[in-house]
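Trainee: attaching a predicted model along with its sequence, questions to come.
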Amino acid sequence: MDADARLAAAAGGVARFLADGAGLEGDAVARLQSAVIEACLDAFNHLAAAHPHLEVTFARFSDRLEVSLSHENAGPVPAVRTVAGFAAKQGKTAGNAGAFAGVDRVQHETHGNESITRLTKYLRQVAPSR
């Protein structure tokens with residue numbers, strides 16, 4: 001998708017649809033939707049001019065929902081980058097407060113010039129241990 005807030009909102013709508021279909025409660029559905037929108041908007045800030053598109057994929061498993069955001073960078077990036085910058089700005093940890101309150105796990109990885117952020121929402125009360 002192009003870096004457009006309307007498309008970020010559409011991605012949030014897909015997450016909302018999947019969460020609702022998976023049986024999550026209203027507040028959890030809305031928080032997941034917000035987290036996906038915020039993650040898209042944050043990723044838009046990191047798009048390279050030569051590769052101005054963000055790829056968003058959704059997966060539903062028996063125990064979780066996953067939303068993956070990937071984009072190509074202008075060049076190699078450090079192996080670890082704080083994607084949850086907007087949550088950290090609030091002095092909170094990703095996954096339990098701030099913009100990421102709607103997800104249970106945030107993962108970020110890089111492969112050469114590609115950055116991938118994965119948001120996971122577990123469908124059970126307690127997220128499994130690592």
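Mentor: Perfect, I can see it now. Numbering: from 1, shown residues only.
Trainee: least confident secondary structure element in this structure?
Mentor: helix 85-88 (a mean of 40; mean pLDDT, DSSP states H and E).
Trainee: ok now the longest helix along the chain, how far from the chain's centre?
Mentor: Ranked by residue count under DSSP state H, the longest helix found in the chain is helix 26-44. Relative to its chain's centre, helix 26-44 lies at 7 Å (Cα atoms, centre = their mean, to the nearest Å).
Trainee: list the contacts of it.
Mentor: The set of residues external to helix 26-44 that reach it, using Cβ atoms under 8 Å, 6 or more residues apart in numbering, is 1, 3, 5, 7-9, 11-16, 19-20, 24, 54, 56, 65, 67, 69, 71, 83, 85-86, 99-103, 115, 117, 119, 121. Quick note: C-beta positions are derived from backbone N, CA and C, even for glycine.
Trainee: cutoff 7 Å now
Mentor: With Cβ atoms under 7 Å, 6 or more residues apart in numbering as the test, helix 26-44 has contacts from 3, 5, 8-9, 11-12, 15-16, 19-20, 54, 56, 67, 69, 71, 83, 85-86, 99-103, 117, 119, 121.
Trainee: and stretch 50-59, by the same measure?
Mentor: Contacts to stretch 50-59, defined as Cβ under 7 Å, 6+ apart, come from residues 1-3, 11, 14-15, 18, 40, 43-44, 47, 66-72, 74.
Trainee: what about 8 Å?
Mentor: By Cβ under 8 Å, 6+ apart, stretch 50-59 touches 1-3, 11, 14-15, 18, 36, 40, 43-44, 47, 65-74.
Trainee: thinking again about what came up before, which of the contacts of helix 26-44 fall within helices?
Mentor: Those of the contacts of helix 26-44 lying in helices (DSSP H): A5, A8, A9, A11, G12, A15, R16, A19, D20, G85, F86.
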